[in-house]
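Chemist: Pasting a predicted model and its sequence here:
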Amino acid sequence: MLELDLSAEIQALRQTFGDISEVVDVSRLREDIARLSEEAGAPDLWDDTERAQKVTSALSHRQSELARITGIAQRLDDLEVLVDLANEMGDEDSALEARNELSALTEIINQLEVQTLLDGEYDERAAIITIRSGAGGDDATDFAEMLLRMYLRWAEQHKYPVKVMDTSYAEGAGIKSATFEVDAPYAFGTLSVEAGTHRLARISPFGSADKRQTSFAAVEVIPLMEEATEVDIPEADIRVDVFRSSGPGGQSVNTTDSAVRITHLPTGIVVSMQNEKSQIQNRAAAMRVLQTRLLLLQKEEEAAKKKELAGNITASWGDQMRSYFLYGQQLVKDLRTGYESGNPASVFDGDLDGFISAGIRWRKRKDDDD
């Protein structure tokens with residue numbers, strides 16, 4: 001007779017989930033949702049479009065968070081019912097379904113547990129990610145495009161809204177750079193561990209000598225901060241260049257000079273945007289990113305936290321954090337955590353959760369040691 005006993009495993013999951021629920025503070029979540037719902041229902045909400053978007057976005061994020069927590073709680077209850085049913089009926093199919101559900105819930109709760117480690121000042125915010133090709137010619141620009149696709153696929157799998165803000169295509173293969181926004185709760189805290197230099201080693205598809213080629217790409221991750229609009233940028237401190245948006249091969253995407261590049265003269269920070277429909281929209285998007293970067297710089301200086309923040313949002317050539325080997329032994333290895341995958345194709349298709357979770361745990365241990 002079938003005897004399926006998953007009680008110990010389920011009890012362990014319930015204990016972990018209970019600890020997570022305390023950290024998340026479900027009561028506070030409900031209070032926030034009630035307050036934001038009242039604000040969202042105000043007749044004059046959309047008189048101020050910017051504020052309305054902030055309110056509705058915050059409400060959506062908190063509702064999603066609460067739905068995830070309550071959904072997991074319900075699935076744990078349903079799992080126990082499924083185990084009882086499998087034992088009563090002696091049903092092997094139900095037993096298999098219960099084991100699979102236990103495995104799925106274990107993975108979900110483990111990922112949620114990692115999120116509770118995201119307690120940094122900006123961790124709960126949306127993220128702006130910039131990928132830049134480095135040394136390696138066509139291989140590097142191709143690698144940068146591979147990384148862009150990898151992150152977009154990861155976001156798609158998690159159903160996170162993504163907005164590509166700027167793409168600079170290379171003359172040959174791939175891209176010189178790309179900037180995109182991931183608008184999801186804790187997107188910055190989650191993706192900030194991806195910041196740094198990524199290295200690709202493979203037999204180059206662009207050479208004729210079949211020699212191994214090493215190329216590099218840098219990933220920068222910054223938080224999207226609402227208060228960045230408070231940063232005053234005098235017109236005399238910026239240079240604005242307008243140019244025609246272009247796609248692969250230099251083909252024109254639109255017939256107007258709508259793309260915008262803003263250079264902040266005192267710091268040398270350059271931000272470009274081309275994916276909005278108008279020059280005004282591209283300039284506004286570029287200014288928002290520039291203000292965010294300047295605010296971060298200001299906070300670093302004021303709070304003497306430059307070293308801490310640079311670990312999250314900068315990517316220098318001496319900061320190699322992950323290697324991708326596509327010749328001989330197929331391998332992707334994180335040089336900080338030691339986490340690795342023998343399936344590079346899956347990683348480039350967005351299978352990043354293991355690397356991200358290991359990175360968050362590594363960073364937390366490092367911060368605790370410091």
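Modeler: The structure has been received and is ready for your questions.

Chemist: mind checking how far the lengthiest helix in the chain is from the chain centre?
Modeler: Secondary structure assigned by DSSP state H gives helix 49-89 as the longest helix of the chain. Using CA atoms, centre = their mean, to the nearest Å, the mean C-alpha position of helix 49-89 is found 21 Å from that of the whole chain.

Chemist: In this protein, what helix or strand scores lowest on average pLDDT?
Modeler: helix 306-313 (a mean of 44; mean pLDDT, DSSP states H and E).

Chemist: quick one on the thing from earlier: pLDDT (mean, whole number) over the helix or strand following the longest helix of the chain?
Modeler: Note on helix 49-89: by DSSP states H and E, the next helix or strand toward the C-terminus is helix 92-115. If you average the pLDDT over helix 92-115, you get 89.

Chemist: same thing with stretch 137-157?
Modeler: Stretch 137-157 comes out at a mean pLDDT of 95.

Chemist: what does that stretch rub up against?
Modeler: Applying CB atoms under 8 Å, 6 or more residues apart in numbering, the external contacts of stretch 137-157 come out as 129, 131-134, 136, 161-162, 164, 170, 172-178, 180, 182, 184, 191, 194, 198, 200, 202, 204-206, 213, 215-217, 219, 347-353. For the C-beta atoms, the positions are set from N, CA and C on the backbone; glycine is no exception.

Chemist: Equivalent analysis for stretch 349-356, please.
Modeler: In contact with stretch 349-356 (CB under 8 Å, 6+ apart) are residues 111, 114, 150-157, 190-191, 193-194, 322, 332, 334, 337, 339, 341, 343, 347.

Chemist: Okay, now it: how far is its last residue from its first?
Modeler: 15 Å (CA to CA, to the nearest Å).

Chemist: Please enumerate the helices of the stretch 101-250 of the chain.
Modeler: When assigned using DSSP state H, counting those that start in this stretch, the helices of the stretch 101-250 of the chain occupy the ranges 138-157, 187-191.

Chemist: isn't residue 273 right next to residue 282, touching?
Modeler: Yes - contact criterion CB atoms under 8 Å: residue 273 and residue 282 qualify, at 4.1 Å.

Chemist: Name the residue closest to the centre of this structure, please.
Modeler: Nearest residue to the geometric centre of the chain (CA atoms, centre = their mean): residue 191, 3.8 Å.

Chemist: if we can go back for a sec, right, and the helix or strand after the least confident helix or strand of the chain?
Modeler: From helix 306-313, the next helix or strand downstream (DSSP H and E) is strand 320-325.

Chemist: which other helices and strands contact the top strand by length along the chain?
Modeler: Across the chain, the longest stretch assigned as strand under DSSP state E is strand 212-223. Applying 3 or more CB pairs under 8 Å, 6 or more residues apart in numbering; DSSP states H and E, one finds that strand 212-223 contacts strand 127-133, helix 138-157, helix 187-191, strand 196-203, helix 279-303, helix 306-313.
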